[in-house]
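Colleague: show me how the following folds:
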Amino acid sequence: IAGTAISQVTKEEENHCIIEAEGLRSNIPELAAASTAGGFLNFVPNQDGILRFTPLLIHYEHSYLPSLGLAAVQRFNDDAPLSAKIRTACTEIKLGEHHYIADQSGMAWINYYGDKSSVPMIRASDVLHGNVAKEALQGKLVFLGVTSSGMHDLHATPYEAMMPGVEVHAQLALNLLNDDLIYRTDTIFWIELLIILVIGLGYGLWFPIAIKRSYGLITLVFIGIWFFVGYGLFVQGLWLHIVLPLMQLMFTFAALLALNFSISQYKRQQLRHTFSQFIDPSIVDEAIDNPEKIGLTGDKREISVMFLDVAGFTQLSEALDPHDVVRYINMFFHAATPIVFEHHGCIDRLTGDGLVELFGAPLPDAQHARHACQAALAMEQALDAIREHFDEGGHQLHVRIGINTGEMVVGNVGSIQRLHYTFMGDSGNAAARLESLNKQYGTNRMIGQRTFELVKDEFVCREIDCVVLVGKSEAIHVYELLGDSRQTAQFEPLLTAYAEALDLYRAGDFLLASEKFSMCAKQFDDEASRIMSLRCVRLDKHPPKDWRGIWIAEAK
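Modeller: So this is what the prediction gives:
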């Protein structure tokens, strides 16, 4: 119903959100003549049919007209000045001392007080028949309307499935009188925008924490907090978008979860491809599931390193066809690899006719020294795959092994294009010196002092000498790995005889030591004793000054 237009309307910019009226339908002449003011009756239900919002003003031609509730409150306030300021994010309406905020389309959220009859309702017939005292209406704002269902003026509200339209207008007017409208402000708009940006950007940065450490609980906590904040503001008369930020959160969560899953799968594939080349495939999954144990970026720990070489293969291969050389050595590697894997070792690299193996990396292994020694004792079996091809020519193959234990740095080394998981440290390099030292003592399996300390109760080891390795300044005791502890009785005579000769050698009694070593060599057919006997003969002829029983290695 047309009435007086809002006298003052200002706009920050052109606004196309305010509802446009296509035409006006006025009251019947008798009612129109009784008042100079009025407002429009139209409601705009939500898509679900629930009437939650109602426009406080509409645009018609060149004027802005108030709703019936707003016009009634203006009249009730002695026609107080009514003005509106249409802004980008909201519409501000001022009525005398009252200040209302609607959204950018002029819609206000009705703060219902309850179901129908939440505001006092008096039958018109009682008024007409004088059954209502004048005091009941005096000084009151009264809306006259119909409640019959046949008039088709019933609306679904959050409290009531069929609330008369006249009561909706009355509840809106009461909201305006009590300043009880649920409203939004520019501040809330910018807070919502900021929250959406924080969700999109900040949540992405914190996603590993939100997922990997809290298993998504942070997301649930955020949802709970957002609902709590929304409810708290709603009680205070402020409303904000609950669903939009949550949709943003869920979309961001789903997108980042999918991205994180894709990256994780890619890393798993890369990790599987990398480690399957040099580690037992049966433990690759454990390494992938516990990447923090691997230390790909560099980790300092105690490990055992084994250097292995097929003695004499290089010289023998010179007489073979190149295709046969590759075929034979590949046959050996094919047989040696399962032995390494079986004893929890990792193949660091191939060295022509040899291997470099790590024990205790990439996965930590408290028994790395024991596993290295077990693999060393079993490695001769790998030669069985090619031994017959060389035995026919009268050539005897055997493996030379050097094992040393110590703290080393393990991790990926290389460039972006090519990475190699390996070790760095003098203790590991000493294993290569020990492998080569076998040639100077006629032994096959040489282990360092730290390795011996860790395995002496599980394996039969013979102390060979106290040596300063090439490139080193400090002497270490070196030992030959003979067998496991079950063979102690078998090797006991050799150990006793060699130890007696070694004591004489260290005491500087080279002549008697030579005799003892010679007897040991003949009795046990021991090459190390034979070599030590010859050394003692040379030392007896040219006794060194300040002899301390330490031999300085002459070659790598």
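Colleague: G406 in helix, strand or coil?
Modeller: Assigned by DSSP: H, G, I helix; E, B strand; the rest coil, the conformation of G406 is strand.
Colleague: these two touch, right, it and G425?
Modeller: Yes - counting by C-beta atoms under 8 Å, G406 touches G425, with 6.6 Å between them. The way it works is simple: take the backbone N, C-alpha and C, and place the C-beta from them, glycine included.
Colleague: the two: who's more crowded?
Modeller: The neighbour count for G406 versus G425, taken as other C-beta atoms under 10 Å, is higher for G406 (20 against 16).
Colleague: contacting residues for that one?
Modeller: Applying C-beta atoms under 8 Å, 6 or more residues apart in numbering, we find G406 in contact with E302, I303, G425, D426, S427, G428, A430, G448, R450.
Colleague: okay if I get these as a markdown table plus distance to I18, pLDDT and secondary structure?
Modeller: Below are those laid out as a markdown table (distance: C-beta to C-beta, whole Å; pLDDT from 0 to 100; DSSP: H, G, I helix; E, B strand; the rest coil):
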| residue | distance to I18 | pLDDT | secondary structure |
| --- | --- | --- | --- |
| E302 | 77 | 96 | strand |
| I303 | 76 | 96 | strand |
| G425 | 77 | 92 | coil |
| D426 | 82 | 92 | helix |
| S427 | 81 | 93 | helix |
| G428 | 79 | 93 | helix |
| A430 | 86 | 95 | helix |
| G448 | 88 | 96 | coil |
| R450 | 85 | 96 | helix |
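Colleague: wait, which of those is closest to F251?
Modeller: For the contacts of G406, the closest approach to F251 (C-beta to C-beta) belongs to I303, at 46.7 Å.
Colleague: that closest one and Q374: what is the separation?
Modeller: 15 Å (C-beta to C-beta, to the nearest Å).
Colleague: okay, these two: which has more neighbours?
Modeller: I303 (28 against 22).
Colleague: wait, doesn't the more buried one sit right on H368?
Modeller: Yes - taking contacts as C-beta under 8 Å, I303 lies within contact range of H368: 5.6 Å.
Colleague: joint contacts of these two?
Modeller: F359, G360, T405.
Colleague: out of those, which one has the lowest pLDDT?
Modeller: Minimum pLDDT for the shared contacts of I303 and H368 is recorded at G360 (92).
Colleague: dump the residue contacts of that one.
Modeller: Here G360 is in contact with R301, E302, I303, S304, H368 (C-beta under 8 Å, 6+ apart).
Colleague: closest to L494 out of these?
Modeller: Distance to L494 across the contacts of G360 (C-beta to C-beta) is lowest for S304, with 25.1 Å.
Colleague: would you say A84 is within a strand?
Modeller: Yes - counting by three-state DSSP, A84 falls inside a strand.
Colleague: and it, what does it touch?
Modeller: Applying C-beta under 8 Å, 6+ apart, one finds that A84 lies in contact with I6, Q8, V9, T10, L57, Y64, T91, E92, I93, K94.
Colleague: any quick ChimeraX command for the buried ones out of those residues?
Modeller: To isolate the buried members of the contacts of A84 in ChimeraX, using 16 or more other C-beta atoms under 10 Å:
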select :6,9,57,64,91,92,93
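Colleague: which pLDDT value does the model give F390?
Modeller: 72.
Colleague: for the helix ranked longest in the chain, packing partners?
Modeller: Scanning the chain for the longest helix, with DSSP state H as the assignment, gives helix 243-275. With contacts taken as 3 or more C-beta pairs under 8 Å, 6 or more residues apart in numbering; DSSP states H and E, helix 243-275 sits against helix 186-197, helix 203-205, helix 207-208, helix 217-235, helix 281-289, strand 419-424.
Colleague: that helix - what's its average pLDDT?
Modeller: Mean per-residue pLDDT for helix 243-275: 74.
Colleague: can you check what angle separates it from strand 419-424?
Modeller: Interaxial angle, helix 243-275 versus strand 419-424 (axes from the mean of the first three to the mean of the last three C-alpha atoms, to 10 degrees): 60 degrees.
Colleague: count the residues that sit near H98.
Modeller: H98 has 18 nearby residues by other C-beta under 10 Å.
Colleague: actually H542, not the one I wrote
Modeller: 7.
Colleague: gap between it and A156?
Modeller: From H542 to A156 the distance is 115 Å (C-beta to C-beta).
Colleague: what's the closest non-adjacent residue to G414?
Modeller: Counting by C-beta to C-beta, 6 or more residues apart in numbering, G414 lies nearest to H420, which is 5.0 Å off, once chain neighbours are set aside.
Colleague: which ones are touching the one you found?
Modeller: Per C-beta under 8 Å, 6+ apart, neighbours of H420: R349, N412, V413, G414.
Colleague: then L154?
Modeller: Applying C-beta under 8 Å, 6+ apart to L154 gives the contacts M162, M163, P164, G165.
Colleague: filter these down to the buried ones and hand me the PyMOL line.
Modeller: Here is the PyMOL command that picks out the buried ones among those, judged by 16+ other C-beta under 10 Å:
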select buried, resi 163+164+165
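Colleague: out of the contacts of L154, which are inside strands?
Modeller: Mapping the contacts of L154 onto strands (DSSP state E) picks out M163, P164.
Colleague: which of the contacts of L154 sits closest to Y498?
Modeller: M163 (107.0 Å).
Colleague: hmm, the closest one is touching T157, no?
Modeller: Yes - contact criterion C-beta under 8 Å: M163 and T157 qualify, at 4.8 Å.
Colleague: list residues touching both of those two?
Modeller: By C-beta under 8 Å, 6+ apart, the residues touching both M163 and T157 are L51.
Colleague: mind listing the helices for the stretch 301-450 of the chain?
Modeller: Applying DSSP state H, counting those that start in this stretch to the stretch 301-450 of the chain gives helices spanning 313-317, 322-342, 368-378, 384-391, 426-441, 449-455.
Colleague: among the ones you listed, which comes closest to A475?
Modeller: Evaluated with C-beta to C-beta, the helices of the stretch 301-450 of the chain place helix 449-455 nearest to A475, the distance being 9.5 Å.
Colleague: listing partners with orientation, what would you give for the helix or strand following the closest one?
Modeller: Moving toward the C-terminus from helix 449-455, the next helix or strand (DSSP states H and E) is strand 459-468. Looking at strand 459-468 with DSSP bridges, its partner strands are strand 476-484 (antiparallel), strand 551-552 (parallel).
Colleague: so what touches strand 459-468?
Modeller: With C-beta under 8 Å, 6+ apart as the contact definition, strand 459-468 has outside contacts at 370, 373, 437, 441, 443, 446-447, 452, 455, 474-485, 487-488, 490-491, 494-495, 498-499, 502, 506, 528, 532, 549-553.
Colleague: try 7 Å
Modeller: The contact list for strand 459-468 (C-beta atoms under 7 Å, 6 or more residues apart in numbering) reads 373, 437, 441, 443, 447, 452, 474-485, 487-488, 491, 495, 498, 502, 528, 549-553.
Colleague: buried residues in it, which are they?
Modeller: Of the residues in strand 459-468, those buried (16+ other C-beta under 10 Å) are F459, V460, C461, R462, I464, D465, C466, V467.
Colleague: again, but for stretch 547-556
Modeller: Of the residues in stretch 547-556, those buried (16+ other C-beta under 10 Å) are W551, A553.
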